[in-house]
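1. How does the following fold in three dimensions:
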Amino acid sequence: MKLYVMRHGETPWNAEVRLQGCADVPLNENGVRLARETGQALSHVEFDAAIVSPLKRAKTTAELVLGDREIPFIEDSRIQEISFGEWEGRRCSKDHMEIPSEMIHRFFHDTPHYEAPPGGETIPQLLKRTHSFYEDLIRSERWRNATLLIATHGAAVRALMQSIFQDGDFWRNGVPPNCAVNVVEIANGQVMSVEEDRIYYEN
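-> Next up, the predicted model:
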């Protein structure tokens with residue numbers, strides 16, 4: 001099994017530094033460009049299926065990457081983004097902070113002490129559901145020898161990759177850039193990270 005785990009393309013809220021979470025925000029023009037350029041770079045990859053978050057920014061990214069390839073396209077809510085509850089849509093840049101700055105600092109730099117807002121989701125909850133997805137995937141006979149595109153989100157990418165690294169370093173090199181690709185190979189019970197946060201487009 002070979003997995004291409006990627007974050008979605010840029011959205012208007014990414015550009016405005018707003019928390020998106022489960023808000024269903026579409027790609028912006030630049031996000032479409034990033035996805036198309038990534039798709040061109042991966043045009044040689046023979047994907048057997050795409051498994052995507054149900055949020056439109058992830059689904060559209062996968063559609064643009066795959067182009068006219070006719071393969072199964074499967075939605076799975078376990079890989080949608082972490083919910084930020086009542087914080088969703090609020091800005092969180094250094095010069096325009098609309099949520100408790102201490103909690104944002106903990107979210108990105110001290111994850112064990114991050115406290116979710118009302119209606120939001122904790123990092124352990126995110127890790128639990130993405131790990132459930134991962135376990136079902138690697139146990140599936142259907143996908144044993146498959147090459148899969150997995151289109152998801154920044155925090156969800158990092159949570160899913162923790163099922164592979166299992167080192168407790170949640171963010172590793174920070175939030176993955178839009179359309180960054182992590183490549184993982186799984187064979188004979190062995191898991192190997194081939195590439196981390198690979199970018200295929202020009203900034």
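2. tell me how far stretch 31-40 is from the chain's mean position?
-> 16 Å (Cα atoms, centre = their mean, to the nearest Å).
3. tell me the mean pLDDT over it?
-> Averaged over stretch 31-40, pLDDT sits at 98.
4. Stretch 1-20 now?
-> pLDDT averaged over stretch 1-20 gives 98.
5. List the buried residues of that stretch.
-> 1-11, 13-14, 18-20 (16 or more other Cβ atoms under 10 Å). Every C-beta, even on glycine, is put in place using the N, C-alpha and C of the backbone.
6. With stretch 175-193 instead?
-> 175-184, 186, 191.
7. what's in contact with it?
-> 1-10, 14, 31, 34-35, 37-38, 42, 61, 108, 138, 154-155, 157-158, 161, 164-165, 194-201 (Cβ atoms under 8 Å, 6 or more residues apart in numbering).
8. May I have that stretch exported as CSV, CA atoms only?
-> Only the C-alpha atoms of stretch 175-193 are listed here, as CSV (Å, rounded to 0.1, in the frame of the first residue of the first chain):
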residue,chain,number,x,y,z
VAL,A,175,1.3,23.2,9.9
PRO,A,176,1.8,21.5,6.5
PRO,A,177,1.6,24.0,3.6
ASN,A,178,-1.4,23.9,1.4
CYS,A,179,-1.3,21.0,-1.0
ALA,A,180,1.8,19.5,0.7
VAL,A,181,2.1,15.8,0.2
ASN,A,182,3.3,13.1,2.7
VAL,A,183,4.1,9.8,1.0
VAL,A,184,3.9,6.6,3.1
GLU,A,185,4.6,3.0,2.1
ILE,A,186,3.2,0.0,4.0
ALA,A,187,4.3,-3.5,3.2
ASN,A,188,4.7,-6.7,5.2
GLY,A,189,3.7,-5.0,8.4
GLN,A,190,6.4,-2.4,7.9
VAL,A,191,5.6,1.3,7.6
MET,A,192,8.0,3.8,6.0
SER,A,193,7.7,7.5,5.5
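9. so how far is that stretch off the chain centroid?
-> That offset, for stretch 175-193, works out to 12 Å (Cα atoms, centre = their mean).
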